[in-house]
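K.L.:
Take a look and give me a structure for this.
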Amino acid sequence: YIDKNNTDNQQENGIHIQIDEFTASTLMTILSESIASDAIPHQPTTSQIDDSNKNKKSSSSKVSPCWQWREAESILDDLEKMQTIKLNNHVYAAALKVNEQASDLYRYPGNRHLGAYAAMSILERMKKQGISPDVVTCSAVMSAFDKSKQWKAALALLKSMEKAAEVDVESKESGMKTNSIGVWQLPPPNEYTYAPVISSCARCNQYDEAIEILDRIRRNTDKEMTSNK
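P.N.:
Residues are numbered from 1 along each chain as shown. Down below sits the predicted model:
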């Protein structure tokens with residue numbers, strides 16, 4: 001929409017256009033699609049491989065080789081500082097899509113986009129802003145953990161979601177209100193959340209953990225069927 005109250009900007013730059021949540025999501029989608037249009041994975045140059053080997057003993061760089069992801073981070077930085085826009089789950093979910101495409105395209109050592117780190121940073125941003133993720137957003141984060149073989153991170157997030165679900169059930173049974181506005185909380189997991197966690201455990205040969213998750217799903221299903229009778 002047009003911000004007509006900003007008279008200073010009007011005088012200096014003409015009409016001032018104020019971004020909204022929909023526009024922010026659209027910008028993220030454009031960035032994501034611009035990555036997807038380049039189907040050839042970017043292999044590292046010899047110098048990039050050499051630099052990667054030199055940095056193995058030191059802390060690895062968190063700077064992504066994908067300019068679209070860096071631009072997405074910059075957009076989020078600017079929007080989070082603005083008082084005239086309230087970001088929502090859809091904006092961050094769209095940013096996770098950028099992260100997913102960047103992870104697929106920049107996946108070689110020496111020129112790798114750190115998808116798991118980037119996905120976790122999105123959750124941290126949402127928590128700081130007091131914006132609760134939905135199950136689709138959490139599943140996207142789980143998928144990033146899966147592709148990066150970060151099974152411990154995936155399992156930790158799943159357990160946090162399961163714990164939040166238990167608290168939600170207990171609160172409802174006791175008559176307490178849940179999901180208050182401005183209170184950050186994780187959603188209960190579903191089959192789309194469990195799938196990447198099981199996949200991540202299997203990728204990393206953590207078969208006992210994968211079987212335990214399957215057992216938990218079965219127990220939860222049996223419990224739901226019993227309660228619905």
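
K.L.:
For Tyr117, grab the count of nearby residues.
P.N.:
Using other C-beta atoms under 10 Å, Tyr117 has 16 other residues around it. For every residue, glycine as well, the C-beta is placed using N, CA and C.

K.L.:
Oops, could you answer that again for Val167 instead?
P.N.:
The number of residues packed near Val167 is 14, by other C-beta under 10 Å.

K.L.:
helix or strand right after the helix or strand hosting it?
P.N.:
Using DSSP states H and E, Val167 sits in helix 151-174. Where DSSP H and E defines the elements, the next helix or strand beyond helix 151-174 is helix 191-203.

K.L.:
Run through the neighbouring helices and strands of that following helix.
P.N.:
In terms of contacts (3 or more C-beta pairs under 8 Å, 6 or more residues apart in numbering; DSSP states H and E), helix 191-203 is packed against helix 135-147, helix 151-174, helix 207-227.

K.L.:
what's in contact with it?
P.N.:
Outside helix 191-203, the residues that touch it by C-beta atoms under 8 Å, 6 or more residues apart in numbering are 135-136, 138-139, 142-143, 145-146, 149-151, 154-155, 158, 161, 207, 209-210, 213-214, 217.

K.L.:
Filter those residues down to the buried ones.
P.N.:
Among those, those buried by neighbour count (16 or more other C-beta atoms under 10 Å) are 135, 138-139, 142-143, 145-146, 150-151, 154-155, 158, 161, 209-210, 213.

K.L.:
now, which of those sits nearest Leu87?
P.N.:
For these, the minimum distance to Leu87 (C-beta to C-beta) is 17.0 Å, reached by Cys138.

K.L.:
Per-residue pLDDT of Lys86, please?
P.N.:
Looking at Lys86, its pLDDT is 86.

K.L.:
Sorry, slip of the keys, the one I care about is Ile15.
P.N.:
pLDDT for Ile15: 58.

K.L.:
Asn190 too?
P.N.:
Looking at Asn190, its pLDDT is 89.

K.L.:
so what's it closest to, chain neighbours aside?
P.N.:
Using C-beta to C-beta, 6 or more residues apart in numbering and skipping residues adjacent in sequence, the residue nearest Asn190 is Val135, 5.6 Å away.

K.L.:
correct me, but that neighbour touches Ala164?
P.N.:
No. Shown here, Val135 and Ala164 do not form a contact pair, counting by C-beta atoms under 8 Å, at 11.1 Å.

K.L.:
what residues do the two have in common as contacts?
P.N.:
Residues touching both Val135 and Ala164 (C-beta under 8 Å, 6+ apart): 187-188.

K.L.:
okay, and for the protein, where does confidence drop off?
P.N.:
Residue ranges of the chain with pLDDT under 70: 1-17, 37-61, 168-182, 227-229.

K.L.:
Repeat the analysis, applying 80 as the threshold.
P.N.:
Where the chain drops to pLDDT under 80, the residues are 1-18, 36-62, 83, 167-183, 220, 222-229.
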